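Engineer: coords please:
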Amino acid sequence: MRRTDPLPCVLSIAGSDSGSAAGVQADLKTLLAHGVHGLTAVTAITAQNTQAITAIQVLSQSMLLAQLNAVLADFRIAAIKIGMLGNAANIRLVARWLRQHRLPNVIVDPVLVASSGNRLLADNAIAVLRRELLPLAQVLTPNVPEAEALIGRPIRTYAQMRAAAHHLRTMGAQAVLLKGGHLGGTTVRDYFVDAAGEFEFSHRRLNYPVRGTGCTLASAIAANLALGLVPREAVARSEYYLQRAFRSARRNGRGAGRVLQHLPG
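Structural biologist: Down below sits the predicted model:
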């Protein structure tokens, strides 16, 4: 690519994190690290730091739609990462917008509960997400609690987790990356399932809390798809990227949760 050529553009549809550990802030840092141009449509404003979320304000549908249409009118969008949507109305709006414009490479990170334990999506909106958004996903990236909410049953073992990944794919997503960090053991396993079968990614558990891992991984997948990789290769490279950022995470705030180091340095 010549220096004057436009960069691939990736749109993050997600909430804002005032502590810059997760949400659109983590997404933009991840996209920058991958050499793509990050766009945003902010769904909610949160007051949070490394210790807690103290306030959430979901933006109006009209403001969300205005952001989506503004970036679409000016940029060629190569991939989309969807995180926190806030409520059922915004889920329906985003799904309708995606169907209308038929945009490629949609990554859905179904943000239901924050690392701090705060609920980020009401129970009555989960059915809407399942029905409206999952069938539009090229890759769905839930963690174990999110997968449990989506399939309606507990996941306690890696065998149950593998079965859940296949179950989630029957809900419409082309591929599923189910992340196993919430299960026990010294090794963390993530399961990727697509039409060709399944693949396991594993890594040693690092025993300290880190914020923004789900946002970062989903954004990295979107960036790698925008750069032309096929989903399985995009996921593999994104898993490697996340582990590198995880190993260099720092306690930038007073809370126990560390902040990923998205950029090499």
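
Engineer: Where do the strands of the stretch 101-250 of the chain begin and end?
Structural biologist: Here the stretch 101-250 of the chain has its strands, by DSSP state E, counting those that start in this stretch, at 106-108, 139-140, 175-179, 187-194, 197-204, 210-211.

Engineer: What lies in contact with the strand ranked longest in the chain?
Structural biologist: If you go by DSSP state E, the chain has its longest strand at strand 37-48. Residues outside strand 37-48 that contact it (CB atoms under 8 Å, 6 or more residues apart in numbering) are 6-19, 23-24, 27-28, 31-32, 53-59, 64, 67-68, 71, 75, 77, 83-86, 90, 114, 116. Where C-beta positions appear, they are placed from N, C-alpha and C, glycine not excepted.

Engineer: Could you identify the buried members of the residues you listed?
Structural biologist: When burial is judged by neighbour count using 16 or more other CB atoms under 10 Å, the buried members of these are 7-17, 19, 23-24, 27-28, 31, 53, 56, 58-59, 64, 67-68, 75, 77, 83-86, 90, 114, 116.

Engineer: Which of the contacts of strand 37-48 fall in strands?
Structural biologist: Residues from those lying in strands, with DSSP E as the criterion: 9-17, 53-58, 77.

Engineer: of those, closest to Tyr241?
Structural biologist: Val10 (14.2 Å; CB to CB).

Engineer: In contact with the closest one, which residues?
Structural biologist: Under the criterion of CB under 8 Å, 6+ apart, the contact list for Val10 reads 31, 36-39, 77-81, 219, 222-223, 226.

Engineer: and what of Asp74?
Structural biologist: When contacts are counted by CB under 8 Å, 6+ apart, Asp74 is found next to no other residue.

Engineer: Next: His182.
Structural biologist: Residues in contact with His182 (CB under 8 Å, 6+ apart) are 143-145.

Engineer: out of these, which are buried?
Structural biologist: Using 16+ other CB under 10 Å as the burial test, the contacts of His182 include 143-144 as buried.

Engineer: I'd like to know which of the contacts of His182 is nearest to Leu206.
Structural biologist: Minimum separation from Leu206 among the contacts of His182 (CB to CB) is found for Asn143, which lies at 15.9 Å.

Engineer: quick one, what contacts the closest one?
Structural biologist: Going by CB under 8 Å, 6+ apart, Asn143 touches 178-179, 181-182, 214.

Engineer: Neighbours of the nearest residue to Gln174 once chain neighbours are set aside, how many?
Structural biologist: Beyond its immediate neighbours in the sequence, the residue positioned closest to Gln174 (CB to CB, 6 or more residues apart in numbering) is Gln138, lying 4.9 Å away. A count of nearby residues for Gln138, using other CB atoms under 10 Å, gives 20.

Engineer: again, but for Pro104
Structural biologist: 11.

Engineer: what do you get for Leu227?
Structural biologist: Quick note: Leu227 (other CB under 10 Å) scores 18 neighbours.

Engineer: swap in Ala95?
Structural biologist: 20.

Engineer: For it, what is the enclosing helix or strand?
Structural biologist: Element membership for Ala95 (DSSP states H and E) is helix 88-101.

Engineer: For Thr186, grab phi and psi.
Structural biologist: Backbone torsions for Thr186, taken as degrees, to the nearest 10, come to phi -80, psi -20.

Engineer: What of Arg254?
Structural biologist: Per-residue torsions, Arg254: phi -80, psi -10 (degrees, to the nearest 10).

Engineer: so it makes contact with Thr50?
Structural biologist: Yes - applying CB atoms under 8 Å as the test, Arg254 and Thr50 come out as touching, 6.9 Å apart.

Engineer: So for these two, which sits in the more crowded spot?
Structural biologist: Between Arg254 and Thr50, counted using other CB under 10 Å, the more crowded position is Thr50 (20 against 8).
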